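[1] Got a sequence here, can you build the structure:
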Amino acid sequence: MNMTSITQFDEDLDARGLNCPMPILRTRKAIKPLKVGALLRVLSTDPGSQSDIESFCKATGNELVSAQENGGEFEFIIRKN
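    Okay, the predicted model is just below:
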């Protein structure tokens, strides 16, 4: 996982406490209205979201800019392409 620290993003999605498939479904819904180049931050506690977010980005052409894990909480920064 990339460990870059990004503190500014255009949209914030809190998917903590949700289990698969909800974090990825909410991510898809949250990124859809964003403009190209916008950054979406996703917070999740579902360990499966690591592979789900990576797969989502590859399938949709969006860029996974940053992915971090800290004490069972995952943070993803996605750039809409």
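[2] make it CA atoms for all contacts and neighbour counts henceforth
    Will do.
[3] any idea how far the residue of the chain most remote from its centre lies from residue 61?
    The centre of the chain is farthest from one residue, residue 71, which by CA atoms, centre = their mean lies 17.0 Å away. The spacing between residue 71 and residue 61, counted by CA to CA, to the nearest Å, is 29 Å.
[4] for residue 49, same thing?
    Distance from residue 49 to residue 61, by CA to CA: 17 Å.
[5] Those two: which is more packed in?
    residue 49 (25 against 12; other CA atoms under 10 Å).
[6] number of nearby residues for residue 35?
    For residue 35, the neighbour count with other CA under 10 Å is 12.
[7] likewise residue 19?
    By the criterion of other CA under 10 Å, residue 19 has 15 neighbours.
[8] How about the contacts made by the closest residue to it other than its chain neighbours?
    What sits nearest to residue 19 in space, not counting adjacent residues and going by CA to CA, 6 or more residues apart in numbering, is residue 46, at 5.7 Å. Applying CA atoms under 8 Å, 6 or more residues apart in numbering, we find residue 46 in contact with 16-20, 23, 73-74.
[9] a strand runs through residue 34, doesn't it?
    No: counting by DSSP: H, G, I helix; E, B strand; the rest coil, one finds residue 34 to be coil, located in no strand.
[10] Quick check: it vs residue 70, distance?
    According to CA to CA, residue 34 stands 27 Å off from residue 70.
[11] who's more crowded, these two?
    Neighbour tally, residue 34 and residue 70, criterion other CA under 10 Å: the higher count belongs to residue 34, 16 against 8.
[12] ok, and the closest non-adjacent residue to the more buried one?
    residue 80 (7.2 Å).
[13] Quick one: list the elements packing against the longest helix seen in the chain.
    Criterion DSSP state H: the longest helix present in the chain is helix 49-60. If contacts are counted by 3 or more CA pairs under 8 Å, 6 or more residues apart in numbering; DSSP states H and E, helix 49-60 sits against helix 22-31, strand 63-70, strand 73-79.
[14] ok so, going back, give me the buried entries from the contacts of residue 46.
    Buried by 16 or more other CA atoms under 10 Å: 16, 23, 74, out of those.
[15] I figured the first one hits residue 26, correct?
    So that's residue 16. No: judged on CA atoms under 8 Å, residue 16 makes no contact with residue 26 at a distance of 11.2 Å.
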